[in-house]
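Novice: Sequence and predicted structure below; questions after.
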Amino acid sequence: MSRERNLAKIAESTFSKLDKVHSEIFTMTYGAIVTTLVEDLDNVDEVNAQLDKMGHNIGERLVDELLAKTGLNPQPDMRYVMEIVTRVGFRIYLGITPTLSNWNADSTTVTLSFRDSALSDWVELPHTLDDLSYFQLVCGVIRGALEMLGMKVKCTITADKLKGAQTTDILVELQEVMQAKFYN
Amino acid sequence: MSYSFVIVSKNDSPIFEYVLNGDASESGHLNQFIIHAALDCVDEAQASTTQWFLRCVDRFNDKSIFAYITAGLTRFMLLAEPTSSTSIKSEDAIRSFFLDINECYLRHVMNPFYVEGQAISSDSFREKVANVARKYLL
């Protein structure tokens, strides 16, 4: 519990120091990215893949900033890292704190769920795009960030608020803890 | 009291229609025609005021056509037709109706998947319009 409080405190103090952008600009920009991809690419699966790739690139860089600004230095421990992701990462970059639930016994899979986010304000998916996963970029960010911390994970969206679910759920599965390799 | 409400894009094509308490069949087509004719009056009324709410722009027999123009030149047209038992709502109620509809419309336009000038097919938008209409026009 105290660890959670500590993380929340770190998040607040970092958040107050960061530059802010108006959420509407952010929402519209992300919307424009997704719609442009939808226009440019042939099918929705490709759009999802592209969003995931973009997210991965963002995550790889963002994790560096996050650790530098907060002074945290986590070991590849899934529980602790996921807490940092939700309580600090999501809090300072998206202004929300998703909940973590359904940990499995050996702490390798967890479901991260959130209700509202600035990413999807006013968004309504047209029926022609039922397969589009609008939050795929977020999955990519988590995957990229955790990869830099030495954990290979797989992120899948299991429920989507834009498709009528109560919350948006992202299932995060740890696949491998990567060992640092030294060559001589 | 029956109402037809139409949103007309800035290119003069109707993009949304909602009928309250009326039958959309026979008189519906006449109403569409009257609203279409009233667009010319909107252009005239627009030139002589800086207000967004243009009040009653045209009349046809006992029907009155109210109009509202958004900052993006989309027009909201409301045709009000009194029945024997009720009279038309006050202009203030209709102004409030338009202001609330404008709010809903703005929210809808913010949807990145909506292309400006396209017909509005969203069910949630229709529902919001129905709620606003019930609130101010009944």
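Specialist: Thanks, I have it.
Novice: Nearest residue to A:Gln175 in space, please, no chain neighbours.
Specialist: A:Lys152 (4.8 Å; C-beta to C-beta, 6 or more residues apart in numbering or on different chains). Glycine gets a C-beta too; all of them are placed from N, C-alpha and C.
Novice: Can you say which helix or strand has the one you found in it?
Specialist: strand A:151-159 (DSSP states H and E).
Novice: Does that strand pack against any helices or strands, and if so which?
Specialist: If you count contacts as 3 or more C-beta pairs under 8 Å, 6 or more residues apart in numbering or on different chains; DSSP states H and E, strand A:151-159 packs onto helix A:136-148, strand A:168-177.
Novice: relative orientation of that strand and helix A:136-148 in degrees?
Specialist: Compare the direction of strand A:151-159 with that of helix A:136-148 by axes from the mean of the first three to the mean of the last three C-alpha atoms, to 10 degrees and you get 160 degrees.
Novice: what comes up buried for strand A:151-159?
Specialist: A:151, A:153, A:155, A:157 (16 or more other C-beta atoms under 10 Å in any protein chain shown).
Novice: try stretch B:32-44
Specialist: B:32, B:34-35, B:38-39, B:41-42.
Novice: Contacts only, for A:Glu4.
Specialist: A:83, A:87 (C-beta atoms under 8 Å, 6 or more residues apart in numbering or on different chains).
Novice: now it: how far from A:Thr27?
Specialist: 29 Å (C-beta to C-beta, to the nearest Å).
Novice: excluding its backbone neighbours, what's nearest the closest residue to chain B within chain A?
Specialist: Per C-beta to the nearest C-beta, the residue of chain A with the smallest distance to chain B is A:Gly31, at 2.7 Å. In space, A:Gly31 comes closest to B:Pro112 once its chain neighbours are excluded; the distance is 2.7 Å by C-beta to C-beta, 6+ apart.
Novice: can you give me the end-to-end distance of stretch B:74-94?
Specialist: 17 Å (C-alpha to C-alpha, to the nearest Å).
Novice: And that stretch, what's buried?
Specialist: B:74-81, B:88-89, B:94.
Novice: Which residues does that stretch contact?
Specialist: Counting by C-beta under 8 Å, 6+ apart, B:1-10, B:22, B:27, B:31, B:34-35, B:38-39, B:42, B:55-56, B:62-70, B:97-98, B:101-102, B:105, B:136-137 sit against stretch B:74-94.
Novice: same question for the longest helix seen in chain A, mean pLDDT?
Specialist: For chain A, the helix with the greatest residue count under DSSP state H is helix A:44-70. Mean pLDDT, helix A:44-70: 95.
Novice: Can you give me the buried ones in it?
Specialist: Buried residues in helix A:44-70, counted by 16+ other C-beta under 10 Å: A:44, A:47-48, A:50-52, A:54-56, A:58-60, A:62-63, A:66-67, A:69-70.
Novice: So which of these reach chain B?
Specialist: Near chain B, judged by C-beta under 8 Å from any C-beta of the partner chain, there are no entries from the buried residues of helix A:44-70.
Novice: Which parts of chain B are strands?
Specialist: B:2-8, B:14-20, B:53-60, B:63-69, B:75-81 (DSSP state E).
Novice: In JSON lines, list these along with mean pLDDT.
Specialist: Shown next, in JSON lines, are those (pLDDT from 0 to 100):
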{"stretch": "strand B:2-8", "mean pLDDT": "92"}
{"stretch": "strand B:14-20", "mean pLDDT": "92"}
{"stretch": "strand B:53-60", "mean pLDDT": "90"}
{"stretch": "strand B:63-69", "mean pLDDT": "93"}
{"stretch": "strand B:75-81", "mean pLDDT": "93"}
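Novice: By proximity to chain A, which residue of chain B wins?
Specialist: When scored by C-beta to the nearest C-beta, chain B has B:Pro112 as its residue closest to chain A, at 2.7 Å.
Novice: which residues touch that residue?
Specialist: With the criterion set at C-beta under 8 Å, 6+ apart, B:Pro112 makes contact with A:28, A:30-32, A:34-35, A:123.
Novice: Which two of those residues have the greatest separation?
Specialist: A:Ala32 and A:Val123 (11.8 Å; C-beta to C-beta).
Novice: circling back: same list (the helices and strands packed on strand A:151-159) but as a markdown table, adding mean pLDDT, distance to B:Val132 and mean neighbour count.
Specialist: Listed next are these as a markdown table, based on pLDDT from 0 to 100; distance: least, C-beta to C-beta, whole Å; neighbours: other C-beta atoms under 10 Å in any protein chain shown:
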| stretch | mean pLDDT | distance to B:Val132 | mean neighbour count |
| --- | --- | --- | --- |
| helix A:136-148 | 95 | 34 | 23 |
| strand A:168-177 | 94 | 28 | 18 |
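Novice: Identify the residues contacting A:Val63.
Specialist: A:144-146, A:148-149 are the contacts of A:Val63 under C-beta under 8 Å, 6+ apart.
Novice: again but with B:Tyr136, I slipped
Specialist: Contacts of B:Tyr136 (C-beta under 8 Å, 6+ apart): B:89, B:93-94, B:96-97, B:100.
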